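In: Please find the sequence and the predicted model below.
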Amino acid sequence: MDQITFIEKSLRLRYEVFSRFATEVNRAETIEAAGVAIASNLKFILDTYIFRFTYINEQNRLTYELFRAAHTWKTNQIDMVTPFEMRCQHTEIPLKFTKSDIADNPILNDSIFANEKVILLFVLPLQFTNNQQSVIMIASKNPVGYHEVDFRFVKLIGELLTTKISQLLLMEKIGSKNKELESAYADISVRNSEIVLQQKKLLQQSLELRKANFEIKALNTGLEKTVEERTKSLKEANHELNTLFYRTSHDFLRPLRSIVGLTNLAAINTSDEQNLQIFSHINKSVNELEKMLVKLQMISFAEQEVSVRSEINFPDIIESLYTKFKVELKKKEMDFKREIHLKSPFYADPYLITVILENLIENAINFSQNRQSFIKIVISESKKSCCIKVTDNGQGIKKEFQPKIFDMYFRGNESSAGNGLGLYVIKKLVQKQKGEISFKSSLGKGSEFQIRIP
């Protein structure tokens, strides 16, 4: 009974040491650190005089040797034991060699295992996948040999080391990919800078063209013929301006979306938190620039004469906009209310109505406050017009800023998340439909915008 108790305690201690060994190996961040864990713990798990472990996959061959407390790693090296390992590797069964077997084997007899103290040599090949294998060689001074429980420990050690080395090699590969991603990010940054520069040039050209437009108007004070000629020139200049706005904005959108695609692809291939944060900032900046370009397109569209009138389906339009802003509304815990009081069909341009409502909702979200916020949309009618009313209980607008809110690029405060184009675009689109827009606002209480379209 005492003998059994001793064996049980010994086995329990071996499992405890193996558990500690497994923890140290799993925490190892380099192959060298894994080797230190082997050297520190193996002697308490197995009766080992010489230990050799070789990991093989399609691209790598790593060999670890532990002898007399000295351990080494060899990477992609062929030594005198390698041919013997390769033969054992294909057997896929445990092998045992006595001292005489070692002496009779020309390869082993000229290797580290020919040491005079070695009595037995055990070889255990492990096959994990077609492309991933390992071989463990253990030399012992004990003539008794190993039992089943010893082979169980050997197999556990082999599986643990194979998994860890595979993981470390994968991490090295990921590190290399991360460097490639950093290079790609640098390229994206350069392209983004080029886009920003082009945007500045576009705005500068816009200002120059508008200046030319005003000069043309000032010169149209002569004869009727001169007026007609100057008016024609003015229309051509406006057409060129609108075409430039629309086409340039449209052309800018394509590389912006390509940047988003590249950053999303790069994010999929990395788990590095810093890189993911950088890609998130890039996407945020690109999205803000994209919103601005879309608003510039709307300015161009508002100047065009073409407009399509059809019956307005307010429930569908409002529902689609609610779906679009659902995430932002939920994030800010905003209540979205709607009321539609129409008895007869209303005809206008559905696209323009959608853009007007979209910008008003976006403004209400951007300037909401952290208290039971809401947006309320009310659609009603009179004898001659349709009334669209959008109310919120957000930050409101300072009285001194109210005369300027429909100015291009005007922002009420430095912390504004917008680009100063939303209300400018709304007013342009309302005017295009021969409508009127008015508002009431109190600082800290909210705003109400009312639009009447005939």
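Out: All right, it came through fine.
In: In the stretch 51-200 of the chain, what residue spans correspond to strands?
Out: For the stretch 51-200 of the chain, the strands defined by DSSP state E, counting those that start in this stretch cover 61-67, 70-75, 95-98, 120-129, 132-140.
In: for the first one, packing partners?
Out: Read it as strand 61-67. helix 31-45, strand 50-57, strand 70-75 (3 or more CB pairs under 8 Å, 6 or more residues apart in numbering; DSSP states H and E). All C-beta spots, glycine's among them, are computed from the backbone N, C-alpha and C.
In: What's the end-to-end length of stretch 363-380?
Out: 22 Å (CA to CA, to the nearest Å).
In: coming back round to it: could I get the helices and strands packed on strand 61-67 in JSON lines, plus columns for mean pLDDT?
Out: Output for the helices and strands packed on strand 61-67, formatted as JSON lines (pLDDT from 0 to 100):
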{"stretch": "helix 31-45", "mean pLDDT": "89"}
{"stretch": "strand 50-57", "mean pLDDT": "92"}
{"stretch": "strand 70-75", "mean pLDDT": "90"}
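In: can I assume Glu16 sits in a helix?
Out: Yes: per DSSP: H, G, I helix; E, B strand; the rest coil, Glu16 lies within a helix segment.
In: mind checking how far it is from Glu148?
Out: Distance of Glu16 to Glu148, given as CB to CB, to the nearest Å: 20 Å.
In: Compare the two and say which one has the larger neighbour count.
Out: Comparing Glu16 with Glu148 by neighbour count (other CB atoms under 10 Å), the higher total belongs to Glu16, at 12 against 6.
In: re earlier: most packed of the strands of the stretch 51-200 of the chain?
Out: The highest mean neighbour count among those, using mean count of other CB atoms under 10 Å, belongs to strand 132-140: a mean of 22.
In: Each with direction, which strands does that strand pair with?
Out: strand 50-57 (antiparallel), strand 120-129 (antiparallel) (DSSP bridges).
In: all helices of this protein, in order?
Out: Counting by DSSP state H, the chain has these helices, from start to end: 2-27, 31-45, 82-91, 99-104, 148-219, 224-268, 273-303, 314-324, 326-331, 350-366, 422-432.
In: Format those as a markdown table; extra columns: distance to Gln132.
Out: Formatted as a markdown table, these follow (distance: least, CB to CB, whole Å):
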| stretch | distance to Gln132 |
| --- | --- |
| helix 2-27 | 17 |
| helix 31-45 | 16 |
| helix 82-91 | 12 |
| helix 99-104 | 28 |
| helix 148-219 | 7 |
| helix 224-268 | 25 |
| helix 273-303 | 28 |
| helix 314-324 | 48 |
| helix 326-331 | 43 |
| helix 350-366 | 53 |
| helix 422-432 | 58 |
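In: which stretch among those comes nearest Arg68?
Out: helix 31-45 (10.6 Å; CB to CB).
In: that older thread, want to try a markdown table for the strands paired with strand 132-140, with distance to Thr323 as columns?
Out: Formatted as a markdown table, the strands paired with strand 132-140 follow (distance: least, CB to CB, whole Å):
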| stretch | distance to Thr323 |
| --- | --- |
| strand 50-57 | 49 |
| strand 120-129 | 47 |
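In: Out of those, which is closest to Val190?
Out: strand 50-57 (37.5 Å).
In: can you give me the angle the closest one makes with strand 70-75?
Out: Taking axes from the mean of the first three to the mean of the last three CA atoms, to 10 degrees, strand 50-57 and strand 70-75 form an angle of 20 degrees between their directions.
In: how many degrees apart are strand 50-57 and strand 61-67 in direction?
Out: Going by the same axes, to 10 degrees, strand 50-57 makes 170 degrees with strand 61-67.
In: buried stuff in strand 50-57?
Out: Within strand 50-57, the residues that count as buried by 16 or more other CB atoms under 10 Å are Ile50, Phe51, Arg52, Phe53, Thr54, Tyr55, Ile56, Asn57.
In: now, among the residues you listed, which is nearest to Ala364?
Out: For the buried residues of strand 50-57, the nearest to Ala364 is Asn57 (58.3 Å; CB to CB).
In: Which pLDDT does the model give the closest residue to that closest one other than its chain neighbours?
Out: Distance criterion CB to CB, 6 or more residues apart in numbering; nearest residue to Asn57, sequence neighbours excluded, is Gln132 at 4.9 Å. pLDDT, Gln132: 86.
In: go on, Glu381?
Out: 91.
In: Show the contacting residues for Gln89.
Out: Ile56, Pro125, Gln133, Val135 (CB atoms under 8 Å, 6 or more residues apart in numbering).
In: hmm, 10 Å instead?
Out: Shown in contact with Gln89 (CB atoms under 10 Å, 6 or more residues apart in numbering): Thr54, Ile56, Val123, Pro125, Leu126, Gln127, Gln133, Ser134, Val135.
In: What is the burial count for Leu161?
Out: 23.
In: can I get the CA coordinates of stretch 382-402 in PDB?
Out: Only the C-alpha atoms of stretch 382-402 are listed here, as PDB (Å, rounded to 0.1, in the frame of the first residue of the first chain):
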ATOM      1  CA  SER A 382     -52.400  74.000 -46.400                       C
ATOM      2  CA  LYS A 383     -54.400  75.100 -49.500                       C
ATOM      3  CA  LYS A 384     -51.300  76.200 -51.400                       C
ATOM      4  CA  SER A 385     -48.400  74.300 -50.000                       C
ATOM      5  CA  CYS A 386     -47.000  71.300 -48.100                       C
ATOM      6  CA  CYS A 387     -45.400  72.100 -44.700                       C
ATOM      7  CA  ILE A 388     -42.400  70.100 -43.400                       C
ATOM      8  CA  LYS A 389     -41.500  70.700 -39.800                       C
ATOM      9  CA  VAL A 390     -38.500  69.200 -38.000                       C
ATOM     10  CA  THR A 391     -38.100  69.900 -34.300                       C
ATOM     11  CA  ASP A 392     -35.400  68.800 -31.800                       C
ATOM     12  CA  ASN A 393     -34.500  69.600 -28.200                       C
ATOM     13  CA  GLY A 394     -30.800  69.800 -28.900                       C
ATOM     14  CA  GLN A 395     -28.200  72.500 -28.200                       C
ATOM     15  CA  GLY A 396     -30.000  75.300 -30.100                       C
ATOM     16  CA  ILE A 397     -28.300  78.200 -31.900                       C
ATOM     17  CA  LYS A 398     -26.900  81.300 -30.300                       C
ATOM     18  CA  LYS A 399     -28.900  84.400 -31.300                       C
ATOM     19  CA  GLU A 400     -25.800  86.200 -32.800                       C
ATOM     20  CA  PHE A 401     -25.200  83.200 -35.100                       C
ATOM     21  CA  GLN A 402     -28.700  82.800 -36.300                       C
END
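In: which residues does the closest residue to Thr162 other than its chain neighbours bridge with?
Out: Of all residues not flanking Thr162 in the chain, Ser134 sits nearest, at 4.6 Å (CB to CB, 6+ apart). Beta-bridge partners for Ser134, by DSSP bridges, are Tyr55, Leu126.
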